[in-house]
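Enquirer: fold the following.
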Amino acid sequence: MKNHNPHLDEFLRFYSQSDTSTGGTRGYDPKTYVETKLDEKLTSAIFDPKTKLVILSGNAGDGKTAYIQHVEAQAKANGATVTSQSDNGTSFTTAAVSFQTLYDGSQDFEGTKNDDVLAKFFGEFEGDHAPTGNFTKIIAINEGKLRDFILGKTEYKWLGKQVHHYLNSDGFVPHESLIFVNLNSRSVVDTGDSVSSILDKLLDRLLDTADTEGFWKPCSVENCAFADRCYVKYNVESLRDPKKGPIIRLRLKRLLLAIHFRKTRHITMRDLRSILSFILFNKSTCSQLQADLDGGNSVIDRFYYNAVFNTQENDRLAQLLSQLDVAGVSNPKLDNLINFRGPDDPESRALFIQSEHVATADLPHLNFLFNNRPEGTLDTDEARRTNARNYHASFRRKLYFEGDESKLRDRGLPIPSELLPYRQFDRFMQFISTKTDPDAKLRDLLTLAISKSERIYNETVGREKLCLRSGGSRRSQTKAFYAFPASDFQVTVEDIGRQAEYIEYLPNCIYYRPLDKTASLEIPIDLFEVLCRIHEGYVPTASEIQTFFLNLDMFKRRLTCRPSDRIILTDDDTTLFEVSPTPDLNLAMTKLGG
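Expert: The predicted structure follows:
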């Protein structure tokens with residue numbers, strides 16, 4: 001059919017706020033399913049006769065049901081006999097082993113109460129001993145429901161112990177017949193330049209980079225009269241471009257990494273499919289977008305580099321991405337260039353990655369905005385002012401994704417990574433990637449930053465000792481601080497143990513804690529950014545303290561409950577005295593220098 005791509009209609013259904021249907025946000029889609037570590041490692045373990053129970057937990061949208069249905073599809077393709085099937089699971093037999101799946105163990109089903117559904121499913125696990133028999137069961141269930149059901153019943157003594165230790169003991173290794181996988185710890189992005197992350201795999205499927213599915217053949221100029229003006233074709237071709245496509249991917253990945261490191265929301269498979277659908281395809285069908293193009297309507301906001309930062313959408317990931325808008329980070333030199341140079345100006349074009357496959361669908365829209373801006377400071381026409389703001393934002397965003405880093409550096413302009421609202425992003429990511437702290441430099445930096453947040457400004461003292469102000473000295477002129485040696489602390493990341501065998505795991509925050517692990521300060525990237533600025537002399541505002549310092553305040557409270565053999569006193573914030581015990585059990589006061 002001319003001027004129509006039927007695959008686009010399907011892809012639009014992936015978006016959580018789709019105008020047509022959200023039917024593509026749930027379940028198993030063979031055409032766009034991407035294989036992950038679950039498929040590489042867990043599937044073979046499921047079909048190992050010694051495995052009796054596989055429990056998948058995680059958030060809604062993590063891909064639990066899709067994975068189970070993919071396992072079922074593989075079993076059927078290999079000759080399994082299906083004995084029963086419903087909307088909530090399947091029973092099948094292969095190699096004399098009976099398999100039963102349950103897609104959602106946290107809800108009622110067809111009039112049967114949830115507890116009754118679970119009682120039937122877990123029937124073989126009652127008793128004091130490990131189960132025997134030729135069967136394997138696979139269930140998707142949230143950990144809260146698992147805890148309530150299994151630990152709340154006396155008949156599951158053996159399984160109850162296993163579940164209890166799994167939920168409450170770090171490093172617990174379950175019985176060989178059990179596998180627990182929490183997809184809440186899975187990351188859809190990684191920190192490397194490779195293309196092995198879930199994000200990369202899903203992009204490969206949607207973009208059909210190998211042309212195996214023929215998703216984008218209907219968008220050829222031979223089939224579609226709108227091909228040279230279509231933003232969908234522009235978006236797809238930009239990311240498929242052999243020269244600039246890989247760079248666009250890396251810069252998109254950096255944005256998603258920032259969300260991962262902020263630790264405000266776990267990015268699920270459903271989230272990822274949804275936001276990629278919006279970024280690449282927006283919300284209009286072929287006929288709708290063609291009507292907009294014929295009607296002269298502006299579609300500049302639908303080009304991928306603007307869609308990433310859309311502020312009008314209610315999609316949860318879209319809202320988080322809009323908070324990272326690179327158009328909002330000022331740079332006078334860059335802003336001046338954008339103001340005086342149009343998109344066709346050779347000086348502007350020279351800043352971008354040059355590719356043999358030149359896509360120009362966005363240029364008419366950018367030129368319109370540039371040529372219809374205010375004609376002077378006295379021009380108060382609101383439409384032209386809006387055009388100026390939109391042109392400035394669009395140019396900056398496109399430069400973030402497609403700017404040539406070496407050319408920008410040669411011109412003294414900010415490189416794309418400097419357009420993000422994080423100055424310490426690379427330092428944070430480096431520790432997450434390497435998990436090493438050479439010469440304890442990061443530990444000492446955080447120690448000094450926390451000490452400075454307590455109003456200890458002597459850098460030698462604040463770096464060598466974590467200083468926390470005593471609550472009892474708040475109203476006194478003389479301030480007292482508990483002092484803990486910095487050498488008693490470490491910086492680390494969360495270790496998820498055996499879980500890492502089955503899921504793509506990337507830590508999302510840094511932990512600063514004593515070596516005995518009795519307290520822990522969770523440091524996402526926003527708190528890390530503030531602490532680094534405090535280390536450099538910045539005094540946080542009341543709003544920043546209220547927003548970022550809750551974890552820090554709780555950490556301080558736990559530490560100050562511990563005994564400390566050193567107290568630091570000062571009455572002028574400059575002269576410091578340390579009170580510490582002597583070998584003969586007396587107290588000595590020493591003036592601290594440095």
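Enquirer: from here on, contacts and neighbour counts on C-alpha atoms
Expert: Noted.
Enquirer: domains of the chain?
Expert: 6-11+188-419, 37-185, 425-592 (automatic domain parsing).
Enquirer: could those domains be laid out in CSV, adding mean neighbour count, distance to Gln17 and mean pLDDT?
Expert: Below are the domains of the chain laid out as CSV (neighbours: other CA atoms under 10 Å; distance: least, CA to CA, whole Å; pLDDT from 0 to 100):
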stretch, mean neighbour count, distance to Gln17, mean pLDDT
domain 6-11+188-419, 18, 6, 94
domain 37-185, 17, 15, 94
domain 425-592, 17, 27, 89
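Enquirer: so what's the spatially closest residue to Ala80 that is not a sequence neighbour bridging to?
Expert: Sequence neighbours aside, Thr94 is the residue nearest to Ala80 in space, at 4.7 Å (criterion: CA to CA, 6 or more residues apart in numbering). Beta-bridge pairing for Thr94 (DSSP bridges): Val97.
Enquirer: wait, Asn88 sits on Leu102?
Expert: Yes - contact status for Asn88 versus Leu102: in contact at 5.7 Å, counting by CA atoms under 8 Å.
Enquirer: helices of the stretch 251-400 of the chain, residue ranges please.
Expert: Under the criterion DSSP state H, counting those that start in this stretch, the stretch 251-400 of the chain contains helices at 269-281, 286-294, 304-307, 316-322, 332-340, 346-349, 363-371, 382-402.
Enquirer: where does Leu159 land in three-state SS?
Expert: The three-state assignment at Leu159 reads helix, by DSSP: H, G, I helix; E, B strand; the rest coil.
Enquirer: nope, Lys591 is what I was after
Expert: Going by three-state DSSP: Lys591 is strand.
Enquirer: again, but for Tyr15
Expert: Criterion first, three-state DSSP; result for Tyr15: coil.
Enquirer: that one: what's it in contact with?
Expert: Thr22, Gly24, Thr25, Arg273, Ser274, Ile275, Ser277, Phe278 (CA atoms under 8 Å, 6 or more residues apart in numbering).
Enquirer: look up phi and psi at it.
Expert: Per-residue torsions, Tyr15: phi -80, psi 130 (degrees, to the nearest 10).
Enquirer: got it, and the one 5 residues further on?
Expert: Reported as degrees, to the nearest 10, the phi and psi values for Thr20 are phi -100, psi -60.
Enquirer: what's the pLDDT at the residue nearest to it when sequence neighbours are not counted?
Expert: Closest residue to Thr20 apart from its sequence neighbours, by CA to CA, 6+ apart: Arg13 at 6.8 Å. pLDDT for Arg13: 94.
Enquirer: Arg13: how many residues sit nearby?
Expert: Using other CA atoms under 10 Å, Arg13 has 23 other residues around it.
Enquirer: my guess is it meets His7, correct?
Expert: No - Arg13 lies out of contact with His7 (CA under 8 Å); the separation is 10.4 Å.
Enquirer: residue contacts, the residue nearest to Ala80?
Expert: Ala75, Gly79, Ala80, Thr81.
Enquirer: again, but for Gly171
Expert: Gly171 touches Ile496, Gly497, Arg498, counting by CA under 8 Å, 6+ apart.
Enquirer: leaving out chain neighbours, which residue sits closest to the residue nearest the centre of the chain?
Expert: With distances taken as CA atoms, centre = their mean, the chain has His260 as the residue nearest its mean C-alpha position (2.6 Å). The shortest distance from His260 to any non-neighbouring residue, by CA to CA, 6+ apart, is to Asn508 (5.8 Å).
Enquirer: from Thr36, how far out is that neighbour?
Expert: As for Asn508, its distance to Thr36 is 19 Å (criterion: CA to CA, to the nearest Å).
Enquirer: just Lys243 next, same as before
Expert: 26 Å.
Enquirer: would Tyr511 count as being in a helix?
Expert: No - Tyr511 is assigned strand when assessed by three-state DSSP, not a helix.
Enquirer: how far away is the spatially closest residue to Ile534 that is not a sequence neighbour from Phe278?
Expert: Counting by CA to CA, 6+ apart, Ala449 is the residue found nearest to Ile534 once chain neighbours are left out, at 5.6 Å. Note on Ala449: its distance to Phe278, by CA to CA, is 40 Å.
Enquirer: do the same with Gly192
Expert: On the measure of CA to CA, Gly192 and Phe278 end up 25 Å apart.
Enquirer: with Gly160 instead?
Expert: Taking CA to CA, one finds Gly160 at 44 Å from Phe278.
Enquirer: could you do Ser98 as well?
Expert: When Ser98 is compared with Phe278 (using CA to CA), they lie 41 Å apart.
Enquirer: with adjacent residues omitted, what lies nearest to His392?
Expert: Closest to His392 by CA to CA, 6+ apart is Ile338, at 6.4 Å.
Enquirer: what of Glu126?
Expert: Tyr156 (4.7 Å).
Enquirer: host element of the closest residue to Asp115 other than its chain neighbours?
Expert: Nearest residue to Asp115, sequence neighbours excluded (CA to CA, 6+ apart): Phe149, at 7.3 Å. Assigned by DSSP states H and E, Phe149 belongs to helix 143-151.
Enquirer: would you map the helices across the stretch 51-200 of the chain?
Expert: Using DSSP H, counting those that start in this stretch, helices in the stretch 51-200 of the chain cover 64-77, 114-121, 143-151, 157-168, 198-207.
Enquirer: can you redo those helices as JSON lines with distance to Arg373?
Expert: JSON lines is the format used below for the helices of the stretch 51-200 of the chain (distance: least, CA to CA, whole Å):
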{"stretch": "helix 64-77", "distance to Arg373": "49"}
{"stretch": "helix 114-121", "distance to Arg373": "61"}
{"stretch": "helix 143-151", "distance to Arg373": "55"}
{"stretch": "helix 157-168", "distance to Arg373": "60"}
{"stretch": "helix 198-207", "distance to Arg373": "36"}
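Enquirer: closest to Leu419 out of these?
Expert: Closest of the helices of the stretch 51-200 of the chain to Leu419 is helix 198-207, at 22.0 Å (criterion: CA to CA).
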